[in-house]
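> give me coordinates for this.
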Amino acid sequence: MDHGTLALLIPIAAMTIPIVAILSRPLGRWIALQEKKHEAQVRFADAQAAEHAAKIERLEAHVAVLNRIATDRATGLAHEIESLRGPSAPLN
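Below you'll find the model as predicted:
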């Protein structure tokens with residue numbers, strides 16, 4: 001490397017270092033903002049997943065009850081339905 005090239009590279013390097021330092025701060029803030037945004041999306045997705053899981057659990061319980069009612073072949077069910085109607089009154 002000759003003396004002229006070295007004399008040109010020193011000021012370029014001296015100017016490049018502060019420029020990179022100045023530009024790195026907004027980039028770091030942008031990256032931190034993107035990380036926070038991603039974390040918020042993950043928390044929201046987790047909350048939705050928990051809500052859906054609870055809803056599915058309730059629906060499965062309802063389906064189990066309906067399945068038990070539909071497949072109950074005993075006469076006890078008919079008797080229970082009749083007992084809910086109460087004493088019958090004459091139809092005059």
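> may I ask you to name the longest helix in the protein?
Ranked by number of residues, the top helix in the chain under DSSP state H is helix 3-71.
> how far away from the center of its chain is that helix?
On the basis of C-alpha atoms, centre = their mean, to the nearest Å, helix 3-71 sits 13 Å off its chain's mean C-alpha point.
> report the helix or strand with the lowest average pLDDT across this structure.
Ranking every helix and strand in the chain by mean pLDDT, DSSP states H and E puts helix 76-85 at the bottom, with a mean of 72.
> residues of it that come out buried?
Neighbour counts over helix 76-85 (16 or more other C-beta atoms under 10 Å) mark no residue as buried. C-betas here are computed from N, CA, C, even on glycine.
> which helices and strands does that helix pack with?
Here helix 76-85 is seen to pack against no other helix or strand when contacts are counted using 3 or more C-beta pairs under 8 Å, 6 or more residues apart in numbering; DSSP states H and E.
> any idea of the angle that helix forms with helix 3-71?
80 degrees (axes from the mean of the first three to the mean of the last three C-alpha atoms, to 10 degrees).
> so where's the chain shaky on pLDDT?
For the chain, applying pLDDT under 70 flags the ranges 1, 72-77, 86-92.
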